[in-house]
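**Student:** The sequence and its predicted three-dimensional model are supplied below.
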Amino acid sequence: MPAENMGQVSSGLRRAFAIASVIFVIALAISPVKDSLLQWKRYKRAYVKFAETRPDTKKLLADYRPDIDQIWIPEMGVVDRCTTCHQGITQSSLLDASVPEPFPAHAPIPHRVREWGCVVCHRGQGPATEVAEAHETTLAWEQPLLPVRYIQASCGTCHRADLPQAPKLTRGRQLLATLNCVGCHRLQGIDRPDMLGPDLTGIGTKVSRQWIYKWLKEPRTVTDSNGNTVVNGYDSEGTPPRMPQFHLTEAELRALSAYLITQPGKPVGPNPIDPRVMAAWKNRPGAADQGEALFRQMFCSTCHSFAVTRAGETTLIGGDIGSELTKVGSKVNTDWLAAWLRDPQSYLPHSKMPRYQWTDEDLYKVTQYITAKLTDSDLLTDVPSLGAPTPAEIQLGRRLFVDKGCASCHVATGVPPQHDLGPDLSAEGGKDLSQLEFSQAKIPRNLIAYIQAKITDPASVNPTARMPLYHLAPADLDAVTTALLSMTGPPATSGMQKLQVPRVEAFFHPTGEFGRVYERYKCYACHQFDGFGGTLAPDLSYEGSRAQRQWLISFLKSPQTLRPTLVLRMPQFNMSDQDAATLADYIGMVLQSPAADSSAMEAVKFTPQDIALGKQLYEVKYQCQSCHTIGSTGGYVGPNLTNAGNWLKPVWIEAWLRNPQALVPGTIEPKRSMTEDEIRALTAYLLTLRQTGQTRSASRIIKGGANRPASETEGQR
Amino acid sequence: MTRRWALFACVSLALAFGGSCARKAASAGPDPLRNAYDSEPDWNDPQKVIPLNYAQAQGKRIFYAQCVWCHADSTPAGPSNRSNLNPVPALMNDGTVLNSESDDYLQNIITLGGSAVSKSAMMPPYGQTLTQEEIRDVIAYTRAMAQPPYQPPARAGSKYTSR
């Protein structure tokens, strides 16, 4: 270029430069502008403005930083930036409905939010810095926030043991266990029990083919006008029946009933009742009526339920440990029934039914009552005539037994047990959407909707599903969903493994003579021993510190209720003196509480002044009569103390008054600040309360379900 | 023509970064129980379900373990001890009685028992059995269930909230 033309730039070029410079400046400006308009920065600024409107501005802004806040929990692999926007999460003054999102404080919970962050419980994407990416399902992130309704699932991810603070999770886990879900699925924290459904190898000796047909078609014997079963046992929510409904065709029903009825079970011998007893009663009326009285005395309804119809509404009343018996007389063969009552474990080794001490006469009367009164003549009227099983039916039946997964819960001769027929659900709660098959179902594409659709109508998400139908109440569906969401598979990191609170399986099967009697009467079906056993009746882990030997023996021989509002449910076992003594001796010797020192106090002599002071403390200062009854007056909350002097050991009374919670954690009676003198005086007074000539209160016996059975240990209405 | 370019450049750039801000925060679902830790039907109207938060749900658990026996007309074990007592204890959800009592007063009577606040000694003290936190939870549950509904008093210091 010539020198004289230096500095002369064509106007076109100059314009191009100008435009390029403008674009360059704009492009440079975009980045800081865009940066300052980021969502999280806007929330940071909004929080400062919001804090300035509050009286405690200084405190609210004490640890404010203008950049991203992050909680990092390396052992769980969690990076959590939620507090970047949720800045007031730990400010107790912001725990108020009027505080705008995202600034309100978190309601108090047992874990510290600053330590654990949010995503551990609420899920969502922790490292995200945008509202949508943190909370919702996006293309890059499939785990949306867990609705608070199911939040207890997150408790269960670490707490494998049951938590009282998470009742929905506990209920869900219980349902998964009682509904026998482990028959087909692998579940985290729920082991396969010994017996899921009954062993069917001897079913042919127990019921008729017609009854099997009817049961398979509709595994309910009691239904209301809508065809639904109303179960109203111990808890008002009801427990759905364990046998699910399979929708079987006519041919399938015929085939399965043919296959099962021909199971080559151990034949039931001749009726075990002495023929002379049967002959003597043959022409005498009243056997069934006397049997009914015996049946009630034996408290069968403690474990078994019966349908009661009142005002057109049918409800099941009684326990859910054994099966429902309303129409059992139309179900079982008489010989089988007598043999079963005599020795249940010879037919079903895992049965929890106690082996009663029968006289032949009583056994005859009760079988007469069951087969004559607990019947329904219409039960089998809609079953077509089935005739003799044909080989083709039996063969098809066997194939169906395997195909339908019956062997998952039941045992049949020659069919290997099937486990894991359904998919493994032990990591279901952590599954990605890509692992779920939604088919044509018109449901939201998320894990919760999938689980609920799968339970309510398995065919909606998988037309070829073999899973039977379960009819769950909405609250139970939520509980089961919560429990399944808590199953996120084995811990991903070793740190996570350390954090987990494992579930401890309790076990109490003593050997020796006590063990034999304990197994015979199945004490653990209702009572707890060191955390093992049922929850229907009082925990007996420390009974030896509580009850006097003589009282225990007379109670075992003739049980009576100690609690005025509770229905007595302890059966009369007709226990021999020797069995009762064996139980009382072992209980007194072994089942001792460390909180009650049995060597102390036994020798203490009480003075009349002690007793008078104790009576005054009982009636005036502590007003014990508001909860306890003596004679015929007093409250219904605690046990009746009329016979406390014969029942309770002095050392137990003393330890109890000092701190009831130390002996029975969670008991209703609170700890008080009594002086040693007061404790001594009250103990002296209570020991004077003695009843002579104990009588069994007949009015407490369940009469046709007039009394609502209730559990002592249930915490919820 | 250049002006048109400049305009085009500006608009397209504005769109580029404006778009990322367009997405709005998620709105809460229509179901009020979706964000409830637990719930319980109103004692006076079983059709109405009252949502409970974590603290209130813990209060519910403690109430049904310790308090229900005298402060409700039916209990998990059937009949209640309430009708047995004189003076008759207040129903847990009775707002006409409890709404006028302050949280501090309720905290005191539960902690120290009835005799400490010149009421019936039949109300035992729970201060050595329940923690203060647990008693606060029970009060929170009572407030949530109260009929007529409980209106918290104006917060101390709320006069400063809009300065």
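**Tutor:** On my side now, so go ahead.

**Student:** how far out from the middle of the chain is stretch A:302-318?
**Tutor:** 22 Å (CA atoms, centre = their mean, to the nearest Å).

**Student:** same thing with stretch A:43-63?
**Tutor:** In terms of CA atoms, centre = their mean, the centre of stretch A:43-63 is found 46 Å from the chain centre.

**Student:** pLDDT on it, on average?
**Tutor:** In this model, stretch A:43-63 has an average pLDDT of 86.

**Student:** and that stretch, anywhere near chain B?
**Tutor:** Yes: using CB under 8 Å from any CB of the partner chain, stretch A:43-63 reaches chain B at A:Thr53, A:Arg54, A:Pro55. In this view, the C-beta of every residue, glycine as well, is placed from N, C-alpha and C.

**Student:** Give me the below-cutoff pLDDT ranges for the stretch 501-650 of chain A.
**Tutor:** Within the stretch 501-650 of chain A, the stretches with pLDDT under 70 are A:564-568, A:598-604.

**Student:** on that earlier part again, quick check on the residues of stretch A:43-63 next to chain B: which are buried?
**Tutor:** Buried by 16 or more other CB atoms under 10 Å in any protein chain shown: A:Arg54, A:Pro55, out of the residues of stretch A:43-63 next to chain B.

**Student:** I'd like the distance between B:Leu130 and chain A.
**Tutor:** Note on B:Leu130: its distance to chain A, by CB to the nearest CB, to the nearest Å, is 8 Å.

**Student:** number of nearby residues for the closest residue to chain B within the stretch 501-650 of chain A?
**Tutor:** Closest to chain B within the stretch 501-650 of chain A is A:Ser626: 3.7 Å, counting by CB to the nearest CB. Around A:Ser626 there are 23 other residues, counting by other CB atoms under 10 Å in any protein chain shown.

**Student:** show me the residues around the residue nearest to it when sequence neighbours are not counted that make contact.
**Tutor:** Distances taken as CB to CB, 6 or more residues apart in numbering or on different chains place B:Met122 nearest to A:Ser626, at 3.7 Å, with adjacent residues excluded. Going by CB atoms under 8 Å, 6 or more residues apart in numbering or on different chains, B:Met122 touches A:Gln623, A:Ser626, B:Cys70, B:Leu85, B:Pro87, B:Pro89, B:Gly114.

**Student:** mind redoing it with 7 Å?
**Tutor:** By CB atoms under 7 Å, 6 or more residues apart in numbering or on different chains, B:Met122 lies in contact with A:Gln623, A:Ser626, B:Leu85, B:Gly114.

**Student:** again with B:Arg34
**Tutor:** When contacts are counted by CB under 7 Å, 6+ apart, B:Arg34 touches A:Pro147, A:Val148, A:Arg149.

**Student:** Show me the one in those residues that has more neighbours than the rest.
**Tutor:** Highest neighbour count within the contacts of B:Arg34, by other CB under 10 Å: A:Arg149, with 22 neighbours.

**Student:** Start from the N-terminal end of chain B and give the helices.
**Tutor:** B:2-18, B:54-62, B:68-71, B:95-98, B:103-112, B:132-145 (DSSP state H).

**Student:** which helices and strands sit right next to the fifth one?
**Tutor:** Pointing back at helix B:103-112 there. helix B:132-145 (3 or more CB pairs under 7 Å, 6 or more residues apart in numbering or on different chains; DSSP states H and E).

**Student:** okay, the angle between the helix it packs on and helix B:103-112?
**Tutor:** 130 degrees (axes from the mean of the first three to the mean of the last three CA atoms, to 10 degrees).

**Student:** If we check chain B, which of the contacts of B:Arg34 are in contact?
**Tutor:** A:Pro147, A:Val148, A:Arg149 (CB under 7 Å from any CB of the partner chain).

**Student:** pLDDT score assigned to the closest residue in space to B:Ala144 that isn't next to it in sequence?
**Tutor:** In space, and not counting its chain neighbours, B:Ala144 is closest to B:Gln56: 4.7 Å by CB to CB, 6+ apart. What the model reports for B:Gln56 is a pLDDT of 91.

**Student:** B:Gln56 and B:Glu101, how far apart?
**Tutor:** 18 Å (CB to CB, to the nearest Å).

**Student:** what's near enough to touch the nearest residue in space to A:Leu648 that is not next to it in sequence?
**Tutor:** With sequence-adjacent residues excluded and distances taken as CB to CB, 6+ apart, A:Leu648 is closest to A:Arg546, at 6.3 Å. Contacts for A:Arg546 (CB under 7 Å, 6+ apart) come out as A:Leu648, A:Lys649, A:Trp652.

**Student:** Same question for A:Thr334.
**Tutor:** A:Thr367, A:Thr371.

**Student:** try A:Gln500
**Tutor:** A:Gln500 is in contact with A:Cys158, A:Arg160, A:Pro491, counting by CB under 7 Å, 6+ apart.

**Student:** so how far is chain B from A:Gln290?
**Tutor:** 30 Å.

**Student:** Then that residue would be within a helix, right?
**Tutor:** Yes: assigned with DSSP: H, G, I helix; E, B strand; the rest coil, A:Gln290 falls within a helix.

**Student:** Could I get the contacting residues of it?
**Tutor:** Going by CB under 7 Å, 6+ apart, A:Gln290 touches A:Lys365.

**Student:** Do you know the pLDDT at it?
**Tutor:** The model's pLDDT for A:Gln290 equals 89.

**Student:** What of A:Ser225?
**Tutor:** pLDDT, read off for A:Ser225, is 50.

**Student:** Check B:Met1 too.
**Tutor:** At B:Met1, pLDDT is 47.

**Student:** same deal with A:Tyr150?
**Tutor:** At A:Tyr150, pLDDT is 92.

**Student:** so who does the nearest residue to it once chain neighbours are set aside touch?
**Tutor:** Spatially, and ignoring its direct neighbours in sequence, A:Tyr150 is nearest to A:Thr482 (5.0 Å; CB to CB, 6+ apart). Residues in contact with A:Thr482, defined by CB under 7 Å, 6+ apart, are A:Tyr150, A:Gln152, A:Ala153, A:Lys168, A:Leu169, A:Gly172.
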